[in-house]
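> Mind looking at a prediction? Sequence and model below.
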Amino acid sequence: MKTFLWAGKLLTLLFWGVVLLNLIQPFATPFALLLNAAGALVLVAHALELWLFDKRVAVCANPYLERVWVMVFGIFHLAGLPAQSISPLSEPQQREQSTEAENA
């Protein structure tokens, strides 16, 4: 699994390098536009991943650096982060139980 994550990170880094190279010196006409669109789409996907997994990133030792890595590597970085502890009760149920315990 670790090899798969490192290979994914390497390919993602290569992709971002090609996108940056395309921004500095654009490739041929149809490819430049497609590559810019793909870069924007991947950036939006990584932002969505960061929004969805924000609680998981927030519990890390350095959450700001982890957010940068998620924006660069996306799910390949998220898969390597420790899973947050999930309570079997939802948040409203936990509040209800705690208020019942306080009233008793």
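Arrived safely, thanks for sending.
> in the protein, which spans are helices?
Per DSSP state H, the chain carries helices over the ranges 2-24, 29-52, 54-58, 63-73, 75-78, 91-103.
> Can you tell me which of those is most buried?
Highest mean neighbour count among these (mean count of other Cβ atoms under 10 Å): helix 75-78, with a mean of 19. For the C-beta atoms, the positions are set from N, CA and C on the backbone; glycine is no exception.
> Return the alpha-carbon coordinates of it using PDB.
Provided in PDB are the C-alpha atoms of helix 75-78 (Å, rounded to 0.1, in the frame of the first residue of the first chain):
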ATOM      1  CA  ILE A  75      -6.100  11.400  -1.700                       C
ATOM      2  CA  PHE A  76      -2.600  10.000  -2.000                       C
ATOM      3  CA  HIS A  77      -1.700  12.100   1.100                       C
ATOM      4  CA  LEU A  78      -5.000  11.600   2.900                       C
END
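> Now do it: everything it contacts.
Residues outside helix 75-78 that contact it (Cβ atoms under 8 Å, 6 or more residues apart in numbering): 5, 8, 9, 12, 49, 53, 56, 57, 66, 69, 70.
> measure residue 8 to residue 57 for me?
Distance of residue 8 to residue 57, given as Cβ to Cβ, to the nearest Å: 18 Å.
> again, but for residue 9
Going from residue 9 to residue 57 by Cβ to Cβ gives 16 Å.
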